[in-house]
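**Q** Sharing a model prediction with you, sequence too.
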Amino acid sequence: MSEKHNAPIQNQEDDNQNWYSSWFDTPYYHILYKDRNYREAQVFMDNLTHYLNLPEKAKVLDLACGKGRHSIYLNQLGYDVLGADLSENSIAEASKNSNETLHFKVHDMREPFEEKFDAIFNLFTSFGYFESDDDNLTTLKAIKESLSEYGFAVIDFMNVANVIENLVPEEVKTVDEIDFHIKRYVEDGHIFKEIDFEDQGRKYHFTEKVKALTLKDFQDLMDEAGIFLLDIFGDYKLKKFHKTESERLIMIFK
């Protein structure tokens with residue numbers, strides 16, 4: 001294995017503002033996170049759609065849908081679903097599952113849609129990747145503009161206080177015989193995750209960077225965007241939000 005020490009390093013794009021477009025488009029992103037609890041996610045979507053009392057065949061937007069696993073499940077629940085994501089590779093993969101009431105498109109979440117939706121879901125911490133607060137505000141405005149008159153939007157974000165309190169500074173995760181060396185830290189109002197690994201004689205380095213947005217931060221942004229925050233939950237069973245103990249920050253708004 002020693003000859004690998006001089007292996008070339010494949011870095012993500014130097015343009016840190018677009019780290020998400022390079023990392024999310026690699027197969028390694030999907031390998032690292034393939035053991036996510038999708039049953040828990042399905043229970044969440046059951047609870048969410050029940051709580052929102054969505055009409056039959058409601059038009060649902062899954063914003064930042066990745067490879068579309070959750071879009072597919074929402075479609076199986078009987079909704080007319082559009083999955084949208086910035087990653088062309090992910091959308092190409094997701095589109096293999098398209099049908100008459102399930103479609104996918106490449107889309108930047110900062111841009112509103114021409115069509116209107118009964119529900120817009122931005123799930124599993126798919127917000128806060130942009131460098132500037134302006135982009136986060138623009139995204140919220142775009143979500144609001146894409147809702148139908150009686151539509152609801154949901155952002156499911158991490159509870160920053162809980163994440164920072166329980167941050168694991170370093171760990172190694174082995175998936176498909178690849179050792180992912182992961183470092184986590186907080187800096188300049190962001191939570192960073194640095195990921196280093198080797199595969200087939202090449203070294204790789206990626207950095208995830210998410211703005212550490214608190215409920216207060218979201219409330220300020222929503223006020224500015226003219227959004228009404230209707231309800232807040234702290235986990236996928238829709239239990240009450242507790243500012244330090246809850247694992248999630250789930251916001252229902254319109």
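**A** Received it, and whenever you're ready, just let me know what you need. Residues are numbered from 1 along each chain as shown.
**Q** What segments of the chain are helices?
**A** With helices called from DSSP state H, the chain shows them at 19-23, 27-32, 38-52, 69-76, 88-94, 133-145, 160-165, 215-225.
**Q** Would you check that Phe253 makes contact with Phe228?
**A** Yes - the criterion here is Cβ atoms under 8 Å, and Phe253 meets it with Phe228 at 6.0 Å. C-beta here means a position set from N, CA and C on the backbone, and glycine is covered the same way.
**Q** Mutual contacts of these two, please.
**A** Counting by Cβ atoms under 8 Å, 6 or more residues apart in numbering, the residues touching both Phe253 and Phe228 are Met222.
**Q** Leu123 contacts His70, correct?
**A** Yes - contact criterion Cβ under 8 Å: Leu123 and His70 qualify, at 6.3 Å.
**Q** Any idea how far apart the tips of stretch 88-105 sit?
**A** Length of stretch 88-105, first residue to last, Cα to Cα, to the nearest Å: 8 Å.
**Q** Can you give me the buried ones in it?
**A** Going by neighbour count (16 or more other Cβ atoms under 10 Å), the buried part of stretch 88-105 is 89-91, 94-95, 97, 102-104.
**Q** buried sites along the longest strand along the chain?
**A** Assignment by DSSP state E gives strand 147-158 as the longest strand of the chain. For strand 147-158, a neighbour-count test (16+ other Cβ under 10 Å) marks 147, 151-158 as buried.
**Q** what would those look like in CSV with pLDDT?
**A** Output for the buried residues of strand 147-158, formatted as CSV (pLDDT from 0 to 100):
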residue, pLDDT
Leu147, 98
Gly151, 97
Phe152, 97
Ala153, 98
Val154, 98
Ile155, 98
Asp156, 97
Phe157, 97
Met158, 97
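**Q** Identify the farthest-apart pair in those.
**A** Among those, the pair separated by the greatest distance (Cβ to Cβ) is Gly151 and Met158, at 24.5 Å.
**Q** Distance of the closest residue to Gly78 other than its chain neighbours relative to Thr49?
**A** Once flanking residues are discounted, Gly78 sits nearest to Glu56: 6.0 Å by Cβ to Cβ, 6 or more residues apart in numbering. Relative to Thr49, Glu56 is positioned 11 Å away (Cβ to Cβ, to the nearest Å).
**Q** Phe124 now?
**A** Applying Cβ to Cβ to Phe124 and Thr49 gives a distance of 16 Å.
**Q** ditto for Leu221
**A** 25 Å.
**Q** now do His107
**A** Distance from His107 to Thr49, by Cβ to Cβ: 22 Å.
**Q** and what of Ile178?
**A** Counting by Cβ to Cβ - Ile178 and Thr49 are separated by 36 Å.
**Q** which of these two has more neighbours?
**A** Thr49 (19 against 15; other Cβ atoms under 10 Å).
**Q** first to last residue in stretch 89-104, what's the distance?
**A** End-to-end distance for stretch 89-104, by Cα to Cα: 12 Å.
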